[in-house]
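Novice: would you be able to build a 3D model of this:
(one chain, ligands or ions: 2)
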Amino acid sequence: MKALNSLLAATETTIFTVMSALATAHDAINLGQGFPDTDGPEDVIAAAAAALMDQRNQYPPLAGVPELRAAVASANRRFYGLEVDPLREVVVTSGATEAITACLMALLDPGDEVVLIEPLYDTYLPVVRLLGAVARLVRLSPPDWALPRDELAAAFGPRTKAILLNSPMNPTGKVFSADELGVIAGLLQRHDAYAVCDEVYEHLVFDGYRHIPLMTLPGMRERVMRIGSAGKTFSLTGWKVGYVTAAAPIAGIVAKAHQNLTFTTPPNLQRAVALGLAKEESYFASLGADLAARRDRLAAGLMGLGMRVLATHGSYFLIADVSALGFPGDDTAFCRHITEQAGVAAIPVSAFYAGPPPKDYVRFAFCKRPEVLDAAVARLAAHFATAPGLPRGALTAAK
Ligand code: PMP
Ligand code: GLN
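Specialist: Ligands and ions are numbered 1, 2, ... in the order given. Modelled structure (predicted):
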């Protein structure tokens with residue numbers, strides 16, 4: 001039989017699914033895949049349930065129900081001072097995952113170049129390649145993940161169509177500074193390029209850091225596609241409701257991509273998310289404060305085990321350098337090992353690289369109940385305790 005699509009056939013099952021399955025198989029505490037272990041706001045969930053019962057269960061409008069498009073436009077004004085036309089400049093999608101694909105489809109012709117920043121979220125590269133476009137990778141380095149400005153400038157050229165920017169960033173927790181965004185904006189203008197901004201963690205920022213959408217910088221309103229996710233903003237990751245904000249000429253083409261991907265998104269969920277986006281200020285403020293406390297709790301526990309925890313200012317995630325533990329294997333082996341032997345799952349950071357990855361970094365999700373974080377640390381401590389500084393189980397496993 002003829003071969004199937006070569007790019008997809010060569011794509012591995014996502015690390016998040018692999019590690020969650022391994023966690024289930026070993027009854028491990030799952031600090032791998034990023035999802036909260038408590039439900040989102042009750043009023044939003046109740047609104048989704050009620051919306052199922054009032055006869056609006058047929059196809060909603062292609063670009064999203066009017067209530068949600070209006071709510072996305074209002075949220076843009078409320079949080080960032082952006083004036084957005086809800087009818088012409090908002091497209092609702094089935095999750096940010098679809099939004100990312102739809103935006104890239106809207107932009108790219110085969111042979112176009114896209115600047116991607118490593119470490120990178122796992123759907124970016126396969127989609128760019130499936131569209132026949134060419135990725136130009138720029139790498140950030142630990143521990144501070146600063147933007148290497150010369151390398152970024154060198155990645156731009158006459159064929160550059162776009163940059164795909166993720167801030168706040170998964171897996172590093174980096175929040176791009178105004179200065180860094182200014183550099184990116186300058187390059188976009190110089191090279192007449194666009195930006196797809198994956199801002200799913202826009203409200204999950206800590207330590208007084210502020211998320212600045214690239215779209216708010218001078219000259220960027222017409223060049224940027226800004227993506228949000230109800231999954232992250234309302235701790236309802238299974239809902240898969242995303243939203244794109246873009247200038248009308250771009251949004252119109254994003255809508256055509258959406259028309260060919262899913263066409264519409266469940267109307268009851270859209271209506272509930274509209275209600276959520278109108279929630280009071282304190283709801284959004286509490287998201288970051290609450291997560292920061294969880295981050296500190298997990299970080300303290302991991303540092304107590306001898307890991308070096310890197311600074312994280314946004315998202316669900318922290319990265320730990322586990323080299324001091326002396327584990328005789330790479331990050332992937334380490335994550336498998338702790339899932340199977342210690343009963344705690346995490347994600348190897350090498351999964352976020354296309355090129356040769358670092359080998360000592362592990363991503364832990366801290367969007368879990370405090371007692372679950374404590375239990376995870378206790379399990380790791382018990383596992384590593386028998387040989388301080390050296391994981392005895394690891395050495396046994398490596399024999
Ligand atoms: N982008 C990033 C950086 C993510 O971490 C995720 C994970 N959920 C997504 C996009 C996808 O969001 P959604 O669940 O809304 O599709
Ligand atoms: N965004 C989530 C993470 O980084 C995973 C989402 C998924 O499994 N596709 O953990």
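
Novice: relative to ligand 2, how far out is the residue of the stretch 51-200 of the chain found nearest ligand 1?
Specialist: Proximity to ligand 1, evaluated over the stretch 51-200 of the chain using Cβ to the nearest ligand atom, is greatest for Gly95 at 2.7 Å. Bear in mind the C-beta positions are built from the backbone N, C-alpha and C, glycine included. Look at Gly95 and ligand 2: by Cβ to the nearest ligand atom, to the nearest Å, they are 9 Å apart.

Novice: which parts of this structure sit against ligand 1?
Specialist: 95-97, 121, 166, 170, 198, 200, 229, 231, 237, 240, 242 (Cβ under 6 Å from any ligand atom).

Novice: strands along this structure, start to end?
Specialist: Assignment of strands within the chain using DSSP state E yields the ranges 29-30, 90-93, 113-118, 134-139, 160-166, 194-198, 224-229, 242-245, 308-309, 317-321, 344-345, 347-348, 361-365.

Novice: export these to TSV and tack on mean neighbour count?
Specialist: Formatted as TSV, the strands of the chain follow (neighbours: other Cβ atoms under 10 Å):
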stretch	mean neighbour count
strand 29-30	22
strand 90-93	29
strand 113-118	23
strand 134-139	18
strand 160-166	24
strand 194-198	26
strand 224-229	28
strand 242-245	29
strand 308-309	18
strand 317-321	24
strand 344-345	24
strand 347-348	27
strand 361-365	27
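
Novice: as TSV, these with mean pLDDT would be great.
Specialist: Formatted as TSV, the strands of the chain follow (pLDDT from 0 to 100):
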stretch	mean pLDDT
strand 29-30	98
strand 90-93	98
strand 113-118	98
strand 134-139	98
strand 160-166	98
strand 194-198	98
strand 224-229	98
strand 242-245	98
strand 308-309	98
strand 317-321	98
strand 344-345	98
strand 347-348	98
strand 361-365	98
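
Novice: now for the protein, the helix or strand with the poorest mean pLDDT.
Specialist: Of all helical and strand segments in the chain, the minimum by mean pLDDT, DSSP states H and E falls on helix 392-398, at a mean of 43.

Novice: low-confidence ranges, the stretch 51-200 of the chain, go.
Specialist: Of all residues in the stretch 51-200 of the chain, none has pLDDT under 70.

Novice: thought Leu116 was touching Pro126?
Specialist: No: here Leu116 lies out of contact with Pro126, judged by Cβ atoms under 8 Å, at a distance of 11.4 Å.

Novice: identify the bridge partners of Val115.
Specialist: Bridge pairing for Val115 (DSSP bridges) gives the partners Arg136, Ile163.

Novice: now do it against Asp360, distance only.
Specialist: For Val115, the distance to Asp360 (Cβ to Cβ, to the nearest Å) stands at 27 Å.

Novice: show the contacting residues for the residue in the stretch 201-350 of the chain that ligand 1 sits nearest to.
Specialist: Ligand 1 sits closest to Ser229 of the stretch 201-350 of the chain, with a gap of 3.4 Å, by Cβ to the nearest ligand atom. Residues in contact with Ser229 (Cβ atoms under 8 Å, 6 or more residues apart in numbering) are Gly95, Ala96, Ala99, Val200, Val241, Gly242, Tyr243.

Novice: correct me, but the last one touches Val91?
Specialist: This points to Tyr243. Yes: Tyr243 is in contact with Val91 according to Cβ under 8 Å; the separation is 7.1 Å.

Novice: what residues are shared contacts of these two?
Specialist: What both Tyr243 and Val91 touch, as defined by Cβ under 8 Å, 6+ apart, is the set Gly64, Ala99.
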